[in-house]
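>>> From the sequence below, what's the structure:
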Amino acid sequence: MTLPVLSNPLARRLFLHRHALGEAPTGPAKGAALAALIDRIGFVQVDSINTVERAHQMILWSRRGTYRPEALKRLTEADRGLWEHWTHDASILPISLYPHWQHRFARDAERLHLNWRRWFREGYEAQFDTILRLIEADGPVTSADVGEGEVRGKGGWWDWHPSKTALEWLWRTGQLAVARRDGFRKVYDLTERVIPAEHLAARIPPEAHLDWACTSALERLGFATSGELKAYWNAITPEQARDWCRAELARGALDEIEVEGADGKTRRAFCRPGTLDEAAALPACPSRLRILSPFDPALRDRDRAERLFGFYYRIEVFVPEPQRLWGYYVFPVLEGERLIGRLDAKAHRDESVLRVRAFWPERGVKPGPQRLARLEGELDRLARFAGCDRVEYLPDWRRETLSVA
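Numbering: from 1, shown residues only. Next up is the predicted model:
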């Protein structure tokens, strides 16, 4: 049987609209409107790298030009409409999702013990009760407030002191929650002091949790394989995702289609009935240019981004400098429905300048005067968002396209 085909242009358009990149970056960007935006895209990944602005800030700024970081801080730390935990990485999430994380807490309590006993220094398990009693009596703590007298390493992932490891384990398994961040340092408190009571007490049956994990992922992806559904929240197993797709397909709640990639090849995926008609009726994405975070939800799945957009991207933070193709931390550049290049830029706040080292266009993209003018206009806006007064372009910042195997 020949399956319906979702063309590559329409697949890109649908995917970008589902990720709030198919419309102009205008509108309110605080309070309920900001919470609704985060719910729409699912989550906002938190990352420590701050070459221009941190990932969670840029993700929201690229969708709402009026966004400012204090709006996210208020929602997370005062209003408690959002909370922080783990998906595939540390993320800011709608508070309504908290009950689903009870399943993750139980899973991680077993899984983390098996791995962390091999990876981390001994002694962290002995600190669990001590830390819980300390927080109960004295209030929230950071990793700097615990572990007096313990050997402290240089801060690497595997070099935590035992009490820091204990804090993270208690957070990952739901006994502690992140109350706020001071700078970028997590401040931990007892979960019942952070999570509103109605969400803390709620319990979701396993079957409902599975249906939520797949349904909500498909809503945000538009179309997906079972593996992509599993990976979206990282909340279920591959077998569970496959079983859910088979059951939904059998009852007529899913369609199987072929999705055309940027290279013209097709790949089977699932979507809800009517999705192809929805994609065909969507307006074209605005032709404006946007600078995206490398951790943008639309780019988190690097393989999917490469299939849809023909855009190969890998973080080069851990690549030795002489071996880097583009730079320590470069930003994908979206124009309309195409990823047209990548940008190497850094905010030097002590000089109040955003310094642009390089822009590499993708193959077939001509950096003509109008396109460069739009890029420079966006860089001006990014500089202001990063707290800089001006943009400085290094010599030869307009680079030639690189050929990537």
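>>> If you count neighbours, what's buried in whichever helix in the chain runs longest?
Selection of the longest helix in the chain by residue count, based on DSSP state H, yields helix 101-119. Buried residues in helix 101-119, counting neighbours by 16 or more other C-beta atoms under 10 Å, are found at W101, H103, R104, D108, L112, W116. C-beta: built from backbone N, CA, C; applies to glycine.
>>> again, but for stretch 294-307
Buried, per 16+ other C-beta under 10 Å, within stretch 294-307: P294, F295, D296, P297, A298, L299, R300, D301, R304, A305, E306, R307.
>>> got it, and stretch 141-150?
Going by 16+ other C-beta under 10 Å, stretch 141-150 has these buried residues: V141, S143, D145, V146, G147, E150.
>>> the helices in the stretch 201-350 of the chain, which residues?
Along the stretch 201-350 of the chain, the stretches classed as helices by DSSP state H, counting those that start in this stretch are 206-221, 226-233, 238-250, 275-281, 302-309.
>>> V259: which of those is closest?
Nearest to V259, of all the helices of the stretch 201-350 of the chain, is helix 302-309, at 8.1 Å by C-beta to C-beta.
>>> Pull the distance from the closest one to the chain's centre.
15 Å (C-alpha atoms, centre = their mean, to the nearest Å).
>>> Also stretch 278-290?
How far stretch 278-290 lies from its chain's middle: 22 Å, per C-alpha atoms, centre = their mean.
>>> Stretch 126-142 now?
Using C-alpha atoms, centre = their mean, the offset of stretch 126-142 from its chain centre is 30 Å.
>>> still on that earlier bit, and among the helices of the stretch 201-350 of the chain, the most buried is which?
Of all these, helix 226-233 carries the top mean neighbour count, a mean of 21, counting by mean count of other C-beta atoms under 10 Å.
>>> packing partners for that helix?
On a contact count with 3 or more C-beta pairs under 8 Å, 6 or more residues apart in numbering; DSSP states H and E, helix 226-233 meets helix 206-221, helix 238-250, strand 266-271.
>>> returning to what we had before: rebuild the buried residues of stretch 294-307 as TSV, extending it with distance to G22 and pLDDT.
Below are these laid out as TSV (distance: C-beta to C-beta, whole Å; pLDDT from 0 to 100):
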residue	distance to G22	pLDDT
P294	20	96
F295	20	96
D296	14	97
P297	13	96
A298	10	95
L299	15	95
R300	17	92
D301	18	95
R304	17	97
A305	16	96
E306	20	97
R307	18	97
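>>> Tabulate those residues (JSON lines), appending distance to R63.
Formatted as JSON lines, those follow (distance: C-beta to C-beta, whole Å):
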{"residue": "P294", "distance to R63": "16"}
{"residue": "F295", "distance to R63": "14"}
{"residue": "D296", "distance to R63": "9"}
{"residue": "P297", "distance to R63": "10"}
{"residue": "A298", "distance to R63": "10"}
{"residue": "L299", "distance to R63": "13"}
{"residue": "R300", "distance to R63": "15"}
{"residue": "D301", "distance to R63": "18"}
{"residue": "R304", "distance to R63": "19"}
{"residue": "A305", "distance to R63": "17"}
{"residue": "E306", "distance to R63": "22"}
{"residue": "R307", "distance to R63": "23"}
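>>> List just the nearest of those to L93.
P297 (11.8 Å).
>>> quick one: T87 and I49, what's the gap?
18 Å (C-beta to C-beta, to the nearest Å).
>>> And the two? Which one has more around it.
Per other C-beta atoms under 10 Å, whichever of T87 and I49 has more neighbours is T87, with 21 against 15.
>>> Starting from A166, give me the distance back to the closest residue to S293 other than its chain neighbours.
With sequence-adjacent residues excluded and distances taken as C-beta to C-beta, 6 or more residues apart in numbering, S293 is closest to M58, at 3.9 Å. Separation of M58 from A166 (C-beta to C-beta): 32 Å.
>>> go on, I315?
Going from I315 to A166 by C-beta to C-beta gives 29 Å.
>>> quick one: which of the two has more around it?
A direct count of neighbours by other C-beta under 10 Å for I315 and A166 places A166 higher, at 26 against 14.
>>> circling back: surely the residue nearest to S293 touches V52?
Yes: counting by C-beta atoms under 8 Å, M58 touches V52, with 7.2 Å between them.
>>> Let me know the closest of the buried residues of stretch 294-307 to W397.
Taking the buried residues of stretch 294-307 together and measuring to W397 by C-beta to C-beta, the closest member is P294, at 19.1 Å.
>>> who touches the closest one in this structure?
For P294, the contacting residues are A55, Y313, I315, Y329, V330, F331, P332, by C-beta atoms under 8 Å, 6 or more residues apart in numbering.
>>> hang on, the earlier thing: pick out the most distant pair among the buried residues of stretch 294-307.
Checking these with C-beta to C-beta, the most distant pair is F295 and R307, at 18.8 Å.
>>> can you count the residues close to R324?
Count around R324 with other C-beta under 10 Å applied: 13.
>>> ok, it touching R314?
No: the criterion here is C-beta under 8 Å, and R324 misses it with R314 at 10.1 Å.
>>> sorry, back to before: same list (the helices of the stretch 201-350 of the chain) but as TSV, adding distance to D350.
Formatted as TSV, those follow (distance: least, C-beta to C-beta, whole Å):
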stretch	distance to D350
helix 206-221	39
helix 226-233	39
helix 238-250	48
helix 275-281	47
helix 302-309	33
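>>> Domains in this structure, by residue range?
120-195, 289-393 (automatic domain parsing).
>>> could those go into JSON lines alongside distance to A269?
Formatted as JSON lines, the domains of the chain follow (distance: least, C-beta to C-beta, whole Å):
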{"stretch": "domain 120-195", "distance to A269": "32"}
{"stretch": "domain 289-393", "distance to A269": "10"}
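>>> what's the least confident stretch among those?
Note on these: domain 120-195 shows the lowest mean pLDDT, a mean of 85.
>>> Can you check which of the domains of the chain gets nearest to L72?
Set against L72 and scored by C-beta to C-beta, the domains of the chain come closest in domain 120-195, at 10.5 Å.
>>> export the buried residues of helix 101-119 to a markdown table and tack on pLDDT?
Shown next, in a markdown table, are these (pLDDT from 0 to 100):
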| residue | pLDDT |
| --- | --- |
| W101 | 97 |
| H103 | 93 |
| R104 | 92 |
| D108 | 85 |
| L112 | 78 |
| W116 | 67 |
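>>> I'd like the distance between A241 and D263.
The gap separating A241 from D263 is 26 Å, by C-beta to C-beta.
>>> Please consider this matter closed, and thank you.
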